[in-house]
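*Asks:* everything below, folded, please.
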Amino acid sequence: MRIVVLAGGISTERDVSLSSGAMIYRALKERGHQAVLLDVYLGYRWKEEAFPDVSEGQRPGAVFGLKKDWAKEMGKIEEKNPDIEKIKALRPDGAKNFFGPNVIPICQAADVVFLALHGENGENGKIQACFDLMGITYTGTNYLSSAISMNKGISKELFAANGIPTPWGFRLKKGETGEKKTVFPCIVKACSGGSSVGVAIAGSEDDYEAALAEAFTYDDEVIVEQYISGREFSVGVMDGKALPVIEIAPLTGFYDYKNKYQPGTTVETCPADIPEEKSKELQACAEKVFAALRLESYARMDFRMNQEGEIFCLEANTLPGMTPISLLPQEAAAVGMDFGDLCERILESALHKE
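*Replies:* Next up, the predicted model:
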């Protein structure tokens, strides 16, 4: 198949997206697909070479908008967020058109676009809605469920309406005084962020004010919720059916940006070492979240479990990471599905959307 792996962009998760994209691109090439890796924001200037009927050695490079052989070198994610302003400076016209040069016509020429985007303008439904209007087939869930899931405040409202346990909390918009009573420790996070960017644990009033100031640099609305002391788990769901539960145990601190993407900082156990009935409870809850948020194809749900064994759903990730150490590929591997098989399964789901 002709496949565009769409990655990059200008969200705080740009580096994660590029790493996911490189992994997916390599896996699809190994499976014999005519794949290209395209930066959604930087684009590519020579669209006629997107799917050339020439050998690999004759191409100017299969990675558009980036240097030749970049996909072979990609994989490491820096500890700090990328400098998005430097990326934006490469596109003086970026404020008028998010899509880079020739991105749309190249995607239209493909059989399917494999979305390896994370964060803003990747998981918030905007690109999905645009592709729907243009008849472009893409992987992952639809525009509506993407938008709903990206907004943690709306997600929590749907959790409550559907009897899904979630930490108590409230939303706070920039400029509001925050008069609602806060119990410490609490979690402060950007309402529509990802990869734990703009997330902090506050144990005091000073911590709380600092956390709010940091979160508001990423979003105009934040979520403040009770901190659930205990263990952390994640459950992937594919076409409505849950994968094995994975436990995440950072060696230090909480599961922040560094602990998510720097090898050796977190112990991940899949299947999780918990009683079978508790595993089934987490899987059933993940499937319930999948249905409540009207998700399609695949997603990953994050949970906390307190000392009493009560579970709380934190959020749903509609385009979960596909990096070398990401959770969803580990869960798929636990049921005998290697990374290439996982990519093929996601493609198959995209091609059979109603």
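*Asks:* would you confirm that Pro324 contacts Ser19?
*Replies:* Yes. Using CB atoms under 8 Å, Pro324 makes contact with Ser19 at a distance of 7.3 Å. All C-beta spots, glycine's among them, are computed from the backbone N, C-alpha and C.
*Asks:* neighbour count winner among these two?
*Replies:* Neighbour tally, Pro324 and Ser19, criterion other CB atoms under 10 Å: the higher count belongs to Ser19, 25 against 16.
*Asks:* other SSEs contacting whichever strand or helix holds Asp15?
*Replies:* Under the criterion of DSSP states H and E, Asp15 resides in helix 14-30. Judged by 3 or more CB pairs under 8 Å, 6 or more residues apart in numbering; DSSP states H and E, helix 14-30 is in contact with strand 2-7, strand 34-39, helix 70-73, helix 257-261, helix 339-351.
*Asks:* least reliable of those going by mean pLDDT?
*Replies:* Of all those, the minimum mean pLDDT falls on helix 70-73 (a mean of 44).
*Asks:* next helix or strand past it?
*Replies:* Going down the chain from helix 70-73, the next helix or strand is helix 84-89, by DSSP H and E.
*Asks:* what's next to that following helix, contact-wise?
*Replies:* Residues outside helix 84-89 that contact it (CB atoms under 8 Å, 6 or more residues apart in numbering): Ile10, Ser11, Thr12, Arg14, Tyr41, Leu42, Gly94.
*Asks:* was I right to think the third one contacts Val199?
*Replies:* No. Using CB under 8 Å, Thr12 makes no contact with Val199, being 11.3 Å away.
*Asks:* and the gap between Pro165 and Val267?
*Replies:* Using CB to CB, to the nearest Å, one obtains 25 Å as the distance from Pro165 to Val267.
*Asks:* more neighbours, these two?
*Replies:* Legend: neighbour count by other CB under 10 Å for Pro165 and Val267, higher for Pro165 (13 against 10).
*Asks:* tell me the contacts of that one?
*Replies:* Counting by CB under 8 Å, 6+ apart, Pro165 touches Phe159, Cys285, Glu310, Ile311, Phe312, Cys313.
*Asks:* residues touching the closest residue to Gly203 other than its chain neighbours, list them.
*Replies:* In space, not counting the residues next to it along the chain, Gly203 is nearest to Pro185; the distance is 4.6 Å by CB to CB, 6 or more residues apart in numbering. Residues counted as contacts of Pro185 (CB under 8 Å, 6+ apart) are Ile201, Ala202, Gly203, Tyr227.
*Asks:* can you give me the helices in the stretch 101-250 of the chain?
*Replies:* Ranges of helices within the stretch 101-250 of the chain are 103-109, 126-134, 143-150, 152-161, 205-215, based on DSSP state H, counting those that start in this stretch.
*Asks:* just the buried positions in the longest one, please.
*Replies:* With burial defined by 16 or more other CB atoms under 10 Å, the residues of helix 205-215 counted as buried are Asp207, Tyr208, Ala211, Leu212, Glu214, Ala215.
*Asks:* thinking again about what came up before, out of the helices and strands packed on helix 14-30, which is closest to Phe114?
*Replies:* Counting by CB to CB, Phe114 lies closest to strand 2-7 out of the helices and strands packed on helix 14-30; the figure is 4.8 Å.
*Asks:* out of the helices and strands packed on helix 14-30, nearest to Ser145?
*Replies:* Among those, the nearest to Ser145 by CB to CB is helix 339-351 (13.8 Å).
*Asks:* which residues does the closest one contact?
*Replies:* 1, 3, 23-24, 27-28, 30-31, 111-112, 114, 137-140, 238-239, 296-298, 322, 328-329, 332-333, 337.
*Asks:* sorry, back to before: run the angle between the helix holding Asp15 and strand 34-39 for me.
*Replies:* With axes from the mean of the first three to the mean of the last three CA atoms, to 10 degrees defining the directions, helix 14-30 sits at 170 degrees from strand 34-39.
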